[in-house]
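Peer 1: Sequence first, predicted coordinates after that:
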Amino acid sequence: MSVEQTTQLIQLILNSVLMIVACAFILAGLLLRRSALEYRLQTTSLEYCQVLHLAYESQGDRLLLLKKQLRHLQQQVKLAQKGTISIHYAFLVFVASTFTLSLRTVVDATWLITTALALFVVGIGILLLSVTLLLLDLHKSDRPFWQELKGMIELRHDRAGQRSIQIARSRNPKFTKDFHTHLIRERDRSA
């Protein structure tokens, strides 16, 4: 290989590595978003169960609102999951492209460069698809974008359902105590 070919090959490898790093950053953001959505889904589901068991006549509107929120959050989690899967595929395609280019340094076959470039283009397409899914997910969100970012960054580390337990405690202390005891027992069994 000539010096010019070696320089071009190094540039192609660096492009693939740069896209792998971009995929890693996007994947980290998608995983953070997905965990925040799953946390919201879990707390809303717990609150729905508590309101359902309270069985007050005035809770009908609250039940409908919580049911609507649950469906909306489930759709968002599915969309976030599709985005996460697609970014994983993009990551794998870029790794394959880098491996193909590295193989070109050992084997003197020009078709490896064509294959690596085709893999690179496919990886870019999949990466754009995952970013599109992320933007669609953010567009369908029921909260403003800055509130979503704040929620992802400040993902609380307290126990799931703490907010809904506090809400139910104000309505029915005996039920909340029994339900809280049930949650502790379930957690201890699973551990």
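Peer 2: Happy to help now that I have it.
Peer 1: mind listing the strands in this structure by residue range?
Peer 2: In order along the chain, the chain carries no strands (DSSP state E).
Peer 1: which residues of it score low on pLDDT?
Peer 2: Counting by pLDDT under 70, the ranges of the chain that qualify are 1, 55-59, 143-191.
Peer 1: middle-most residue in it, spatially?
Peer 2: Arg34 (3.1 Å; Cα atoms, centre = their mean).
Peer 1: Report the separation between that one and Lys67.
Peer 2: Distance, Arg34 to Lys67, by Cβ to Cβ, to the nearest Å: 22 Å. From N, CA and C alone the C-beta is placed, and that goes for glycine too.
Peer 1: now swap in Thr105 and tell me
Peer 2: 59 Å.
Peer 1: The nearest residue to the residue nearest to the centre of the chain once chain neighbours are set aside: how many residues sit nearby?
Peer 2: Once flanking residues are discounted, Arg34 sits nearest to Ala80: 4.3 Å by Cβ to Cβ, 6 or more residues apart in numbering. The number of residues packed around Ala80, counting by other Cβ atoms under 10 Å, is 22.
Peer 1: Start at 51, not 1
Peer 2: Sounds good: first residue 51 from here, last item Ala130.
Peer 1: show me the contacts for Ala130.
Peer 2: Leu80, Arg83, Arg84, Leu87, Leu184, Asp187 (Cβ atoms under 8 Å, 6 or more residues apart in numbering).
Peer 1: The fourth one and Val127 touch, don't they?
Peer 2: Yes: checked against Cβ atoms under 8 Å, the pair Leu87 and Val127 is within contact range at 5.1 Å.
Peer 1: Same drill for the two, tell me which one is more crowded.
Peer 2: Neighbours per residue (other Cβ under 10 Å) separate Leu87 from Val127, with Leu87 holding more: 23 against 17.
Peer 1: I'd like to know how far the more buried one sits from Leu114.
Peer 2: From Leu87 to Leu114 the distance is 21 Å (Cβ to Cβ).
Peer 1: ok, the nearest residue to Ala74 once chain neighbours are set aside - contacts?
Peer 2: Spatial nearest neighbour of Ala74, excluding adjacent residues (Cβ to Cβ, 6+ apart): Phe141 at 7.2 Å. Counting by Cβ under 8 Å, 6+ apart, Phe141 touches Ile70, Cys73, Ala74, Leu77.
Peer 1: now the helices: where do they sit in the protein?
Peer 2: All helices of the chain, identified by DSSP state H, fall at 53-104, 110-156, 161-189, 195-203, 212-221, 223-240.
Peer 1: My read is that Ile116 contacts Leu91, right?
Peer 2: Check again: residue 116 is Leu, not Ile. No: Leu116 lies out of contact with Leu91 (Cβ under 8 Å); the separation is 11.4 Å.
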